[in-house]
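A.B. asks: okay, sequence plus prediction incoming.
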Amino acid sequence: MFDMYLDIQKGIIMDDLAEDEVKGRWKSFMRKWNRGELAEGWYDPATLEKARTNLAQMQAQTKLAAEDAIAARQDSRAQYRSELRSHKSEIKYLQEEVAPRAEPGTHERRMEKRQEAAASNRAFAEAKQ
C-alpha cells in the first residue's frame with residue numbers, strides 16, 4: 001500500500017530512496033492514514049486488496065531471488081573448485097617435467113618424502129613465529 005501511495009501520489013519509486021528517507025515517508029504516510037487525511041480511495045477495500053496482491057508478488061520475487069543467489073553461489077563455488085583442481089594438476093605435471101620424482105617404493109622416494117615433510121614443518125614453524 002505504501003509503495004503504491006509513493007508511486008501514485010508522490011511520483012517516487014521506493015527502491016530509489018535511501019533507507020532513512022523511506023522511514024521518514026513511512027511515518028508521514030502512517031500519520032496521514034491514522035488521521036484519515038488521505039483521499040477516500042486509499043481506504044477502499046479494493047485498493048487494499050491490490051496492495052495485498054502486490055505484497056504476495058514481492059514475497060515470491062524475493063524468494064526466487066534468494067534461490068537464484070544460492071544457485072549462483074553454488075555454481076561459482078563449483079567452477080572455482082574445478083579451476084583449482086585443473087591448476088593443481090597442471091602444476092604437478094610441470095613439476096614432474098622439470099624434476100621427475102623417484103619411483104614409488106624406492107629408498108630415493110622415501111628420502112624425498114622425508115625432505116618434503118621436513119621443509120613443510122620448517123615453513124610452518126617459521127610462519128608460526
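C.D. replies: Everything's here; your move.
A.B. asks: go through this structure and flag its longest helix.
C.D. replies: What stands out as the longest helix in the chain, according to DSSP state H, is helix 45-98.
A.B. asks: just the mean pLDDT for it, thanks.
C.D. replies: Average pLDDT, helix 45-98: 89.
A.B. asks: helix or strand right after it?
C.D. replies: helix 107-128 (DSSP states H and E).
A.B. asks: CA atoms only: put that next one into CSV for me.
C.D. replies: Provided in CSV are the C-alpha atoms of helix 107-128 (Å, rounded to 0.1, in the frame of the first residue of the first chain):
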residue,chain,number,x,y,z
HIS,A,107,64.7,-45.7,-1.0
GLU,A,108,65.2,-42.5,-3.0
ARG,A,109,61.4,-41.7,-3.0
ARG,A,110,61.2,-42.3,0.8
MET,A,111,64.1,-39.8,1.3
GLU,A,112,62.4,-37.3,-1.0
LYS,A,113,59.2,-37.6,1.1
ARG,A,114,61.2,-37.0,4.3
GLN,A,115,62.8,-33.9,2.9
GLU,A,116,59.4,-32.6,1.7
ALA,A,117,57.9,-33.2,5.2
ALA,A,118,60.9,-31.5,6.9
ALA,A,119,60.6,-28.5,4.6
SER,A,120,56.9,-28.3,5.2
ASN,A,121,57.4,-28.4,9.0
ARG,A,122,60.1,-25.7,8.9
ALA,A,123,57.9,-23.5,6.8
PHE,A,124,55.0,-24.0,9.3
ALA,A,125,57.3,-23.2,12.3
GLU,A,126,58.6,-20.1,10.6
ALA,A,127,55.1,-18.9,9.8
LYS,A,128,54.0,-19.5,13.4
